[in-house]
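One predicted model, sequence on top.
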Number of protein chains: 2
Amino acid sequence: MQRNTKQREAIKAVFSGSDRPLSVNEVHELATGLVPGLGVATVYRNIKALADDGWLEVVVMPGEAPRYERGGTDHHHHFHCTGCERVFNLEGCMGRMESLLPKGFLMESHDLTLTGRCDSCAAK
Amino acid sequence: MQRNTKQREAIKAVFSGSDRPLSVNEVHELATGLVPGLGVATVYRNIKALADDGWLEVVVMPGEAPRYERGGTDHHHHFHCTGCERVFNLEGCMGRMESLLPKGFLMESHDLTLTGRCDSCAAK
DNA sequence: GTCGTTGCAAAGCGTTTGCAGCCTA
DNA sequence: TAGGCTGCAAACGCTTTGCAACGAC
């Protein structure tokens, strides 16, 4: 990653302006609004490069395409709404998960995903 | 799902004999040992049907093909080893995650994945 | 005998890659 | 000007689907 192009700037801007994980498709559509004609391959290439850099992190839900969000932000987890299929960020954590580890296992990180209905879907 | 074929029996047997989530490929290879000539499409079709039935559940790790395990077993979580890439089952849970929910959100289920080194990889 | 199931091969679909031209530094 | 970056289209790999034959009930 050595040069700043308007395509890369647009892709980064899209992520910086979002408070929830985005799919490649969403990024492509949003960034195309900033840089018309933007190719999908460019989005894939940049997302991959940014993820390798740690600037982005991957968020995966079973049976769905991977989403990406800014890495290095405050430690947080995710909420997956079964109604609108959106993914929200949650604040806080529970800690003390080492108690679940079998003997000899070492924990480097953990990932927690809650599933249910977001406020607007629960209201229906 | 109405008939019992030797292919379906083999696929179910493979899952019943495993204590960790398996990928489609692993299932295909193991089941082919029981039913030579087993087609991949058959494995996909049966896994999908069994998952719809709830007999199987999906386990997903970022950037990897989905794995499947018997559903309806004791509530448990997973450990993903960064050394051998295997996925292990963990016993126990932490509970009280509702405290992380924003107002108005309803939780239906949760999923926790720990990442690190399994005992044999940690020993190296 | 019926019709769900299977194996094969073709089709799909999201993602990656090769390449010639573009454009940042 | 050099070589990283882009857009396009072809290639890829995994998963799904169409179809004729098979076999469980």
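Arrived safely.

okay, now the residue in chain A positioned nearest to DNA strand C: neighbour count?
Residue of chain A nearest DNA strand C, by CB to the nearest atom of the strand: A:A41 (3.2 Å). In this view, the C-beta of every residue, glycine as well, is placed from N, C-alpha and C. The tally of other residues near A:A41 (other CB atoms under 10 Å in any protein chain shown) stands at 8.

That one should be in a helix, yeah?
Yes. Assessed by DSSP: H, G, I helix; E, B strand; the rest coil, A:A41 belongs to a helix.

need the contact list for it.
Counting by CB atoms under 8 Å, 6 or more residues apart in numbering or on different chains, A:A41 makes contact with nothing.

ok, now how distant is it from B:G63?
Counting by CB to CB, to the nearest Å, the separation of A:A41 from B:G63 is 19 Å.

does any bit of stretch A:94-107 sit next to chain B?
Yes. Using CB under 8 Å from any CB of the partner chain, stretch A:94-107 reaches chain B at A:M94, A:R96, A:M97, A:S99, A:L100, A:L101, A:P102, A:K103, A:G104, A:F105, A:L106, A:M107.

Mind jotting down where the helices sit in chain A?
A:6-16, A:24-34, A:40-53, A:119-122 (DSSP state H).

Please name the nearest non-neighbouring residue to the spatially most distant residue from the centre of chain A.
In chain A, the greatest distance from the average C-alpha position (CA atoms, centre = their mean) is reached by A:K103, at 32.0 Å. Leaving aside its sequence neighbours, A:K103 sits nearest to B:D119 (CB to CB, 6 or more residues apart in numbering or on different chains; 6.8 Å).

coming back round to it: among the residues of stretch A:94-107 next to chain B, which two are most distant?
A:M94 and A:G104 (23.3 Å; CB to CB).

Give me the more crowded residue out of these two.
Between A:M94 and A:G104, A:M94 has the larger neighbour count (other CB under 10 Å), namely 15 against 12.

List the beta-bridge partners for A:N89.
Assessed by DSSP bridges, A:N89 has beta-bridge partners A:H78.

how close does it get to A:C118?
According to CB to CB, A:N89 stands 12 Å off from A:C118.

which one of these two has more residues nearby?
Comparing A:N89 with A:C118 by other CB under 10 Å, the one with more neighbours is A:C118, at 21 against 16.

Which residue, other than its chain neighbours, is closest to that one?
Of all residues not flanking A:C118 in the chain, A:C81 sits nearest, at 4.1 Å (CB to CB, 6+ apart).

Report the contact partners of the one you found.
Taking CB under 8 Å, 6+ apart, one finds A:V87, A:F88, A:G116, A:R117, A:C118, A:C121 in contact with A:C81.

wait, the fourth one sits on B:L101?
No. Under the criterion of CB atoms under 8 Å, A:R117 makes no contact with B:L101, lying 10.4 Å away.

DNA strand C contacts on chain A?
A:2-6, A:24-25, A:40-41, A:44-45, A:48, A:65-66 (CB under 7 Å from any atom of the strand).

Any of those buried? List them.
Buried subset of these (neighbour count, 16 or more other CB atoms under 10 Å in any protein chain shown): A:V24, A:P66.

Reformat the residues of chain A next to DNA strand C as JSON lines; add pLDDT.
Shown next, in JSON lines, are those (pLDDT from 0 to 100):
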{"residue": "A:Q2", "pLDDT": "79"}
{"residue": "A:R3", "pLDDT": "88"}
{"residue": "A:N4", "pLDDT": "92"}
{"residue": "A:T5", "pLDDT": "95"}
{"residue": "A:K6", "pLDDT": "96"}
{"residue": "A:V24", "pLDDT": "96"}
{"residue": "A:N25", "pLDDT": "94"}
{"residue": "A:V40", "pLDDT": "97"}
{"residue": "A:A41", "pLDDT": "97"}
{"residue": "A:Y44", "pLDDT": "97"}
{"residue": "A:R45", "pLDDT": "97"}
{"residue": "A:K48", "pLDDT": "95"}
{"residue": "A:A65", "pLDDT": "84"}
{"residue": "A:P66", "pLDDT": "89"}
